[in-house]
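J.: My questions are about this predicted structure, shown below with the sequence.
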Amino acid sequence: MAARKRVGPDKSISADVVSRSVPLKRSSKRLGMEEKLRQSEELHRIILTNISDSVFLTDDSGNFTFICPNVDNIFGYSFEEIYAMKNIDALLGPKLFDGVRLERTPEIRNIEREAMDKHGSAHTLLINVKAVDIMYGTRLFTCRDITEYKRIEGEMVRHLNGKRALEKDLALFFTLSADLFCILDAGRFKKLNPAWSKCLGRRIEELAGSQALDIVHPDDRRVTGAAMGRLKAGQVVEFENRCHHRDDTYRWISWIMTMSDDGLVHAVGRDITARRQEEDEMRRRLLTYRVEAGRTYLVPEKHPLRISGVFSELLSIHQNGLILSRRRSEDISPVTQKPFEYRWFSEMDGVGTVRPEPSAVERMLDGLPAESIILLDSLDYLIARCGFESVLAMVNHVVEIAYFKDMIVLLGLDLDCIGEKESIRLSKDTLPLEPYPRPDISQDNLDMLQAVYVMNIRERRPTRTELCQTLSLSQPTVRSRIKELVRAGYLWESGSGRSVVVEITENGRQAMNLKGAKGKP
């Protein structure tokens, strides 16, 4: 067996091996670079897929060289469908931008263009075009869908235009309205409309910045302040007061007020002077004494004669009445056919009684319906039992209740039971009971007016002869009195000769006040 020959190092082999190891190292490095490139492309692909914008590359002619994967987000087309279009004009429309301008300016931004998606829906796009040199592409397009933004913007514009139109309309109403409009800041006039000048004869510049209470009648300032003190944001308060005119008279104003969230008071007032005068004239024909809803009257008398008579008259034109008294009902009950409630002051609880305490009186009045008539007799009895200060506080509260519920409250008081100072203090927050002024007319002529009135309401117009028989008077006397009353505007005649008939006028009704003569029709 032949011995094995020992072989030593072969430089040529070794050299060949070494020569082949260099390409192997280069291949490994290139693979690493390709992997990084692949990862970078994957990253860009993920980014382009997930962004909301669509990105395209085209050549100078607009032919696609790159289409982003998320193109369906805006346009609804697949990658293949967009690629089949070949040119970006097919997607975005022709003449999107000026090519000459793009040569001078590297980028054209914020081009608005409306384009249709695959389903026929319109989209408003915000497009940027940039000159580049990437992968055979020379123009880079980025498209952002701003359809929702434009919709919201359009709604805001329409809302703003509508608001401006409304403000313009309100400004016209503010300027042209015959009602009084004003805005108050901390009780001072901040803004007024021109109607103030017409209603009160005062310039707007004169009123602006002044205290609103300065023009309010002194007797109405307390209730006006109380009404404004009840204002809260969103709450509406209604009341009436008298405002001073430049000619030194007063105008009755009916107010509606509310307060905004910023604390400003917005008020609308209407001149109701004529209405109040008409109401006053109506009361003049029905009532002996001048009384107004929402007021409290102090009636000083030892025996409740006058106050019960006033209560009877008021009850004839109002629905609800209440008497609170220490006297027996038969000593104070008014002569009236209308039902009313009677409560006797008693320390014992029972049917038809009320405790002689200010708080009990206030609770009872609080629970009554609006526009009620209240006769609170024996105020001196409450003072003797509960003390003057306690009763004075009750009277102040009763004044507010009457005002806000349009009640008429009559307070009976024997002045011999209190001092002069106490009487003055009670008079400050209440009103005196004053009779309506009567015309200067004789009782004989008043009897003649009543006789004519009675026949007229029975749908008869009497002749002179009938009046002679009714009043047991001679023809000359009747003729003389009728002539005098016609001249005064209280009667008027029609016809001629023996057929002359007589009818009472509105002035005649007011003159007799329907209560001036005590006879009943």
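T.: Received, thanks.

J.: switch to C-alpha atoms for all contacts and neighbour counts from now on
T.: Fine.

J.: Domain map for this structure?
T.: The chain breaks down by automatic domain parsing into domains covering 49-145, 177-276, 289-435, 443-512.

J.: so where do the helices sit in the stretch 51-200 of the chain?
T.: Taking DSSP state H, counting those that start in this stretch, the helices of the stretch 51-200 of the chain run over residues 72-75, 79-85, 89-92, 99-104, 147-176, 195-200.

J.: still on that earlier bit, tell me which of the domains of the chain lies nearest to Lys168.
T.: The minimum distance between Lys168 and these falls on domain 177-276, with 13.8 Å, by C-alpha to C-alpha.

J.: start to end distance for that closest one?
T.: Taking C-alpha to C-alpha, to the nearest Å, domain 177-276 runs 21 Å from one end to the other.

J.: tell me the contacts of the nearest residue to Met135 once chain neighbours are set aside?
T.: Taking C-alpha to C-alpha, 6 or more residues apart in numbering, and ignoring the residues beside it in sequence, Met135 has Thr65 as its nearest neighbour in space, at 7.5 Å. Under the criterion of C-alpha atoms under 8 Å, 6 or more residues apart in numbering, the contact partners of Thr65 comprise 56-59, 135-137.

J.: what's the lowest-pLDDT member of those residues?
T.: Among the contacts of Thr65, Met135 carries the lowest pLDDT, at 71.

J.: Give me the neighbour count for that residue.
T.: By the criterion of other C-alpha atoms under 10 Å, Met135 has 11 neighbours.

J.: picking that back up, would CSV of the domains of the chain with distance to Asn161 be doable?
T.: Putting the domains of the chain into CSV (distance: least, C-alpha to C-alpha, whole Å) gives the following:
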stretch, distance to Asn161
domain 49-145, 22
domain 177-276, 23
domain 289-435, 42
domain 443-512, 56
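
J.: nearest to Arg164, of the ones you listed?
T.: Across these, the minimum distance to Arg164, taken as C-alpha to C-alpha, is reached by domain 177-276, at 19.3 Å.

J.: what about the closest one, distance to the chain center?
T.: Taking the mean of its C-alpha atoms, domain 177-276 sits 15 Å from the chain's own mean (C-alpha atoms, centre = their mean, to the nearest Å).

J.: lowest-confidence stretch among the helices of the stretch 51-200 of the chain?
T.: helix 147-176 (a mean of 80).

J.: For it, buried residues please.
T.: Neighbour counts using 16 or more other C-alpha atoms under 10 Å place 174-175 of helix 147-176 among the buried residues.

J.: can you give me how far that helix is from the chain middle?
T.: In terms of C-alpha atoms, centre = their mean, the gap separating the centre of helix 147-176 from the centre of its chain is 21 Å.

J.: Helix, strand or coil: sort out Asp349 for me.
T.: Local secondary structure at Asp349 is given as coil here, using DSSP: H, G, I helix; E, B strand; the rest coil.

J.: pLDDT wise, what is the nearest residue to it once chain neighbours are set aside at?
T.: The shortest distance from Asp349 to any non-neighbouring residue, by C-alpha to C-alpha, 6+ apart, is to Arg355 (7.2 Å). Residue-level confidence at Arg355 comes out at 92, pLDDT.

J.: What is the neighbour count of Arg355?
T.: In terms of burial, Arg355 registers 16 neighbours under the definition other C-alpha under 10 Å.

J.: and it, what does it touch?
T.: Remark: with contacts taken as C-alpha under 8 Å, 6+ apart, Arg355 is in contact with 345-349, 361.

J.: Pull the most distant pair out of these.
T.: Based on C-alpha to C-alpha, the longest span within the contacts of Arg355 runs between Met348 and Val361 and measures 14.9 Å.

J.: Looking at the two, which is more packed in?
T.: Neighbour comparison, Met348 and Val361: the larger count goes to Val361, with 18 against 10 (by other C-alpha under 10 Å).

J.: tell me which element that one falls in.
T.: Following DSSP states H and E, the helix or strand that holds Val361 is helix 358-366.

J.: And for that helix, what's in contact with it?
T.: Helix 358-366 has contacts (C-alpha under 8 Å, 6+ apart) with 354-355, 382, 386, 390-391, 394, 397-398, 401.

J.: What about those, which are in strands?
T.: Counting by DSSP state E, the part of these found in strands is Val354.

J.: Taking the contacts of helix 358-366, tell me the two that lie furthest apart.
T.: Between any two of these, the greatest separation by C-alpha to C-alpha is 20.6 Å, found for Cys386 and Ile401.

J.: Skip the chain neighbours and tell me the closest residue to Arg242.
T.: Closest to Arg242 by C-alpha to C-alpha, 6+ apart is Trp252, at 4.5 Å.

J.: Could you pull up the contacting residues of that neighbour?
T.: With contacts defined as C-alpha under 8 Å, 6+ apart, the neighbours of Trp252 are 240-243, 271-273, 276.

J.: Quickly list what His266 is bridged to.
T.: Beta-bridge partners of His266, counted by DSSP bridges, are Ile183, Thr258.

J.: can I assume Cys243 sits in a strand?
T.: Yes - with the criterion set as three-state DSSP, the secondary structure at Cys243 is a strand.

J.: Give me the neighbour count for it.
T.: Other residues within reach of Cys243 by the criterion other C-alpha under 10 Å amount to 24.

J.: quick one, what contacts it?
T.: Contacts here follow C-alpha under 8 Å, 6+ apart; on that basis Cys243 touches 200, 215-217, 250-253.

J.: Pull the distance from the helix holding Val361 to the chain's centre.
T.: In terms of C-alpha atoms, centre = their mean, the centre of helix 358-366 is found 32 Å from the chain centre.

J.: Which element is encountered next along the chain beyond it?
T.: For helix 358-366, the following helix or strand on the C-terminal side (DSSP H and E) is strand 373-376.

J.: So what are the sheet partners of that next one and their directions?
T.: Applying DSSP bridges, strand 373-376 is found paired with strand 321-325 (parallel), strand 408-413 (parallel).

J.: could you dump the contacts of helix 358-366 to TSV with distance to Glu167?
T.: As requested, these are arranged in TSV below (distance: C-alpha to C-alpha, whole Å):
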residue	distance to Glu167
Val354	56
Arg355	57
Leu382	57
Cys386	58
Ser390	52
Val391	52
Met394	47
His397	42
Val398	43
Ile401	39
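
J.: Closest one of the contacts of helix 358-366 to Met156?
T.: For Met156, the nearest member of the contacts of helix 358-366 is Ile401. The distance, counting by C-alpha to C-alpha, is 48.5 Å.

J.: Excluding sequence neighbours, find me the nearest residue to the closest one.
T.: Closest residue to Ile401 in three dimensions, ignoring its sequence neighbours and counting by C-alpha to C-alpha, 6+ apart: Asp366, at 6.8 Å.

J.: number of nearby residues for that neighbour?
T.: Residues contacting Asp366 under the criterion other C-alpha under 10 Å number 14.

J.: Look at it and report its pLDDT.
T.: Each residue has a pLDDT score; the one for Asp366 is 89.

J.: how near is it to Gln211?
T.: For Asp366, the distance to Gln211 - C-alpha to C-alpha - is 32 Å.

J.: Same check on Arg188?
T.: Taking C-alpha to C-alpha as the measure, Arg188 falls 4 Å from Gln211.

J.: So for these two, which sits in the more crowded spot?
T.: When neighbours are counted by other C-alpha under 10 Å, Arg188 and Gln211 differ, and Arg188 comes out ahead with 19 against 16.

J.: Could you give me the buried positions within stretch 453-460?
T.: Of the residues in stretch 453-460, those scored as buried under the neighbour-count criterion (16+ other C-alpha under 10 Å) are 453-456.

J.: The stretch 1-150 of the chain: strands as residue ranges?
T.: 54-58, 64-67, 107-116, 122-134, 137-145 (DSSP state E, counting those that start in this stretch).

J.: Can you say which of those strands is nearest to Tyr289?
T.: Of the strands of the stretch 1-150 of the chain, the one closest to Tyr289 (C-alpha to C-alpha) turns out to be strand 122-134, at 78.7 Å.
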